[in-house]
Structure formats: C-alpha cells, structure tokens
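Trainee: fold the following.
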Amino acid sequence: MEIRASKENGVWILQLHGKLDSFTSKDFQERLLEGIADGQDKILIDAEFLEYVSSAGLRTFYLAAQRLQERHGKIVFCALQPQVRRVFDIVDMSSEFAILPTRVEAMKEF
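Mentor: Numbers count the residues shown, from 1 in each chain. Okay, the predicted model is just below:
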C-alpha cells in the first residue's frame, strides 16, 4: 500500500492506494499514530484509490479515532470505493464516522 500525505488548511490528508490488510496495516497504523502524537488532530482519509480494507485496517481507524477523541480531534473519510464502503457499512462505521463522497465535501467537516 502507498500513502500520499499532504496538509491543507490544517488538515492532514492521507490518500491511500492499494490494499489495507494485515500486512500493510501495521506500517499505516504506526504512521497514523505518530502523526497524531505529533499534533495532527484533523485527519482526512482519502480512500479514492483504496481497493480493499480488512479487519486489521478497520482496527487502525478505530484506534486512531480513539486517540483523536482524547485530543478533541476528528477523522473523516471520503471517496470510498463501493467494495470498501460495503465493508464500512457491514461493521456500521457509517454511523460512527463522517464519510463523504468527495474531498471537497469532507474538508467542510473540519
């Protein structure tokens, strides 16, 4: 998996490419939690190019959300592919996280 990071208007944008599974989630989790520890408290996950997410990847998102909640931060998702959206819906992430169709709409959540 490839992670392209950028910052826009104080929001840390992580664009994920490929598969977030048990093999790639550890590195992603480390990067994400390091960013939170370094003060990133507004995080946008752009999943336009994320092809797959496993339960290990979902755990990473929940762990990040927990850390952000302690800091009064927020994580928002955008541009989920249909197969990734189905996984989010199955575990009811849709009710716990803001999930928007586009990056522009997601940025408005901050």
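Trainee: look up how far residue 80 lies from residue 101.
Mentor: 8 Å (Cβ to Cβ, to the nearest Å). (C-beta placed from N, C-alpha, C; glycine too.)
Trainee: more neighbours: which of the two?
Mentor: Just comparing residue 101 and residue 80: by other Cβ atoms under 10 Å the higher neighbour count belongs to residue 80, 23 against 11.
Trainee: what about the longest strand in the chain?
Mentor: strand 42-53 (DSSP state E).
Trainee: mind listing what's buried in it?
Mentor: Going by neighbour count (16 or more other Cβ atoms under 10 Å), the buried part of strand 42-53 is 42, 43, 44, 45, 46, 47, 50, 53.
Trainee: and residue 37, how many neighbours does it have?
Mentor: Neighbours of residue 37 (other Cβ under 10 Å): 10.
Trainee: how about the contacts made by the spatially closest residue to it that is not a sequence neighbour?
Mentor: Spatially, and ignoring its direct neighbours in sequence, residue 37 is nearest to residue 67 (8.0 Å; Cβ to Cβ, 6 or more residues apart in numbering). Contacts for residue 67 (Cβ atoms under 8 Å, 6 or more residues apart in numbering) come out as 33, 36, 37, 73.
Trainee: could I get the pLDDT score of the second one?
Mentor: Think residue 36. We note a pLDDT of 97 for residue 36 in this prediction.
Trainee: contacts only, for it.
Mentor: Residues counted as contacts of residue 36 (Cβ under 8 Å, 6+ apart) are 43, 64, 67, 68, 71, 73.
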